[in-house]
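**Student:** what's the 3D shape of this:
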Amino acid sequence: MSGVNEFIDNEVKSNDVVLFMKGTPQFPQCGFSGQVVQMLDYLGIDYKGINVLSDQEIREGIKAYSNWPTIPQLYVKGEFIGGCDIVREMFQAGELQAHLQEKGITVRGAA
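**Tutor:** Just a heads-up that it's a prediction; the model follows:
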């Protein structure tokens, strides 16, 4: 396993919710990353944002790690959830909230 792969693996496994994104949660630098940030913030989720723009190795490494070609990428409890479209569909259907709760993650406004 390469250094960048180990870094990604460690981040994914040591944080309950991780978003690999372009920019930061405070300053998303692409619309898709921004949409996922808005959904997570709306749900009051405590998550770690990792800016792939600050490190080309991570930017390429995360695509190989998940076998998913686009960023952002959301991970919950070590499991790859998906990119912006999947997260948005899950959010709108209430599935994202349910999935987070099943994994023991507190969601604002959920019963």
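**Student:** mind checking how far Asp46 is from Lys63?
**Tutor:** Separation of Asp46 from Lys63 (Cβ to Cβ, to the nearest Å) stands at 25 Å. Heads up, the C-betas are built off the backbone N, CA and C, glycines and all.
**Student:** out of these two, which sits in the busier spot?
**Tutor:** Per other Cβ atoms under 10 Å, whichever of Asp46 and Lys63 has more neighbours is Lys63, with 16 against 10.
**Student:** residues touching the more buried one, list them.
**Tutor:** Pro69, Thr70, Ile71 (Cβ atoms under 8 Å, 6 or more residues apart in numbering).
**Student:** now, among these, which is nearest to Ile58?
**Tutor:** Ile71 (9.8 Å; Cβ to Cβ).
**Student:** tally of neighbours for that closest one?
**Tutor:** Residues lying near Ile71 (other Cβ under 10 Å) number 23.
**Student:** In this structure it contacts Gly83, no?
**Tutor:** Yes: using Cβ atoms under 8 Å, Ile71 is in contact with Gly83, at 7.4 Å.
**Student:** just the helices in this protein please.
**Tutor:** Shown for the chain, the helices assigned by DSSP state H span residues 3-14, 31-42, 56-66, 84-93, 95-102.
**Student:** Please spell out which residues along stretch 40-56 are buried.
**Tutor:** Leu40, Leu43, Ile45, Tyr47, Gly49, Ile50, Asn51, Val52 (16 or more other Cβ atoms under 10 Å).
**Student:** Perfect, that will be all.
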